[in-house]
Structures are given as structure tokens and as C-alpha cells.
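Peer 1: only geometry, no sequence info:
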């Protein structure tokens, strides 16, 4: 294991989706699809073996970021984190995602890493994935035999596992259209931005005046996948999100997460701070609306 | 035996026709095959920024995490490509003038990153400089003089460009 040496593999360059599907059909789970490749190459340097790698770099038209107020935000498979950050639409209409992109890794990695790649990595610590889960949307998966849209809620099926089948290519993420009464925010607890988070949180709140009529709360780094905090959502739904309501929710958060000890933090510390950080993230979302 | 890929890659304004292996990184290509050692190997995992080069103008990327075979038809700049007819780039000059270089190992990456940052934001605040330099690690200087150098360079570049792109 050395960060100088990559494992050996055959690198394939499809020029069209049908060429890509042929490769996926032929090699199944013996081929690793690479868009930005920033995570995959690190894994390869740590000994990850794959007989084939398929680079999307010569596939045309997949690097788009387009917005329609009725249809929402469409993010192509090769669209980078930097593209999110450069977009005023993302900043205004999907603040949680913009805030996640702001603190993502490093500027060099933002220029290359893709949004869909972060989702497909399926790490419970994925920052952009955490924001995307709270905001809600669908992933478009295409194969030779057709296509299907998988709800983001159903996309992550286990640690490092997604709903994508080996013969499918994830070509687009479609985030739900924004609404003026919907607020969102993202926060991460970490040492420096370059590090993976000890804890990350994204919230999406549908408001009617001061009352929160619906909400999606997502927490990362506290389970094998990103977690929806259903119990805490139930407790806060329909309430005015004042200090008392948020304070009361802190204990509920601790009950529904399963943090472990790892390189970055301990389970006990994560459990201790999770509820407080959720409170702060909700306050951040509410504050943004006042500007 | 891995397949080789024939690529055309423009480096510092010069076109190269090269054969690269599937698993060859841009960093490995630059240092070991093309014998261009100005781009440094630091961590190999995209965390230290010592290998920072610019692609397609002024976008900063990590050469250690870029597969050379994916770069057919692209254009990259290393720190050796910054000088203009023997005259150092304002960022390079500022690093020297502000004593922002100690051991020098982070310097090529820091300089390339600074060029990229100033291309996107010609008059950055100190906070913006520090945020922009995230992903480039210096073990020696404590960063203060590097930040000074970028501030000085940003002022000099406004003059360099005849006042275009100022605040």
C-alpha cells in the first residue's frame, strides 16, 4: 500500500451511453465507473483492486447544471462540486447544498469531484449527499433496457451501497423544485474543512409563518448510512421552532442515532453533541430566511 | 500488461504526444516520464496540495489524483510555465519579496493555487485568501507570509494588467 502506486486496471473510454452500457453489461461489478475519480483513486492507492475502470470523461453532455422552477435542479453525472458553488440558483434556492459545497474537501477537489460521485460513494459522512437527502429528489438510472428514477430516500441501501445495479449508469440527480416557504441549512462538525466530518447535519423546513408544517432532518456520521431523524421530525412537525421546542428535541436525537468510535471521534461524543448541533442547524436555516 | 493510451497534452504552451499507462497519474507523467520535477509529490492522496497544477487556464487540480489518460486534448500549466519571457509572474515575485518560502517544498503548489485563486477573485480579503488556500499545506511558514504574498500579488497584478480587474 503506497500513495505512489495505483493498482493495475484496464481503462475504458466510452464515447456514448450505449458504449457505456455495453461495458457495464459485459463486466458487471468488475468495472468501476470513474467521473472525477478523486475518491476512487485514493481507494486504489490504498489497495482497492478493480480489473476495469470506465472513465466518463469522453461522454458528451453530462456536465450540466440546469434549473427550472417547476422541475427543480438537474445535476448531470459529470457536474462538479465547484459548479454548485458557482451557481447563484443553488445558493438561493438550495442553501443546504450550497453550504455543503462551500466546505467540501478542498478547492482542487471541488474542481474535479462530482455531485453524483459523492452520492454513489454512499459514505455516511458524505456532505453533499447529506444536504441532498434533506432537500429530496430523484436519481435517474439508465441501462440498455430502459431507465428508472429512484427516490433519494431509497437510494442509499447500506454502508457504501446504493440502489444502482451493476448494469446501470447514474446519469442525473434531480432535486425537487424549491418553494419560497421552504428553508434549508447544512452544518458540519470537524477539525478543519479538509477532514471528513465528525458529524454533519442537513435540514429542510417547510414553514407556515412561524410554524413548521413539515421537515426533513438528516444526520451523517452516526450510522452505517446517512440517517433521517424520523422521531425528531415527528416531535417537531406542526410546532413553532422556538428555543424550547428545539431544546426538547435534543434528547430525541440521541435516541435515534447509532454512532460508533472511529478515527475522527467517539460514539459518546457524537451522541452528546448531535442534538445540540441539530438545534444550531435549524436555527441557521431560520436565520437565513430573515436576510 | 496494461494497455497504453496515446494522448496529446499541452503543457506550459508546448504540445506533447505521449503514451501513458492506464494507471499513470499526471504527477507520475510529469515527474518520471517527462522529467519535469517542479510539481512536487507530497501525500499522493489530494490532501497537501504540493502537486497542484492548473488545467484549462486557471482551474487548480491535484496531479496525484488525475489519470493522465483522461487528459487527451487538454492544456495544463505547471509552475515552470508561469514566467513570461524570463520575467517572473507577480505571484512568484511576491513570494520571494515577502519571504514566503522556507524549505520551498509547498511553494510550487502554493503559487499555482494562488494564481488560480486570484484569477477567480482579483481582490480577495485575508479570509478569502485563507479559505482559498485550503488544500495546500505548509509545514514551515505558519502561512502568514504566504497570505501576505498573495495580498501583495493581488495589488501588483492590478497594476500588471494596467488597472484591469481591480476592485
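Peer 2: Arrived safely. In this text the structure is predicted, and so the values were computed from the model without any measurement. Numbers count the residues shown, from 1 in each chain, chains lettered A, B, ... in the order given.

Peer 1: can you give me the strands in the chain?
Peer 2: No chain was given, so I picked chain A. Secondary structure of chain A (DSSP state E): strands at A:10-12, A:31-34, A:52-55, A:65-68, A:72-76, A:137-143, A:146-151, A:156-158, A:161-162, A:169-175, A:182-189, A:199-208, A:211-220, A:227-228.

Peer 1: oops, wrong one, chain B.
Peer 2: Using DSSP E, strands in chain B cover B:4-11, B:14-21, B:52-55, B:59-62, B:75-77.

Peer 1: by contact count, what packs against the shortest one?
Peer 2: Helices and strands in packing contact with strand B:75-77 are listed as strand B:4-11, strand B:52-55; criterion 3 or more Cβ pairs under 8 Å, 6 or more residues apart in numbering or on different chains; DSSP states H and E. C-betas here are computed from N, CA, C, even on glycine.

Peer 1: same deal with the second one?
Peer 2: Other elements packing on strand B:14-21 under the criterion 3+ Cβ pairs under 8 Å, 6+ apart are strand B:4-11.

Peer 1: only the buried residues of the strand it packs on, if you could.
Peer 2: Applying a neighbour-count criterion of 16 or more other Cβ atoms under 10 Å in any protein chain shown, one finds B:5, B:7, B:9-11 buried in strand B:4-11.

Peer 1: from those residues, which are also near chain A?
Peer 2: Contacts with chain A within these, counted by Cβ under 8 Å from any Cβ of the partner chain: residue B:5.

Peer 1: chain A: which of the buried residues of strand B:4-11 is nearest?
Peer 2: residue B:5 (6.9 Å; Cβ to the nearest Cβ).

Peer 1: and the gap between that closest one and residue A:157?
Peer 2: 35 Å (Cβ to Cβ, to the nearest Å).

Peer 1: what residues does chain A put near chain B?
Peer 2: So far as Cβ under 8 Å from any Cβ goes, chain A lies against chain B at A:2-4, A:6-11, A:13, A:34, A:37-38, A:41-42, A:44-45, A:53, A:55, A:57, A:82, A:105-109, A:111-112, A:192-194.

Peer 1: wait, what's in contact with residue A:188?
Peer 2: A:100, A:103, A:127, A:197, A:199-201 (Cβ atoms under 8 Å, 6 or more residues apart in numbering or on different chains).

Peer 1: run a quick neighbour tally on residue A:87.
Peer 2: Other residues near residue A:87 come to 21 when the count uses other Cβ atoms under 10 Å in any protein chain shown.

Peer 1: and it, backbone torsions?
Peer 2: As for residue A:87, its main-chain torsions (degrees, to the nearest 10) stand at phi -100, psi 120.

Peer 1: residues in contact with the longest helix along chain B?
Peer 2: For chain B, the longest helix by residue count, based on DSSP state H, is helix B:144-160. Residues outside helix B:144-160 that contact it (Cβ under 8 Å, 6+ apart): B:90-91, B:93-95, B:97-100, B:110, B:114, B:117-118, B:122-124, B:126, B:129-130, B:133, B:138, B:164-167.
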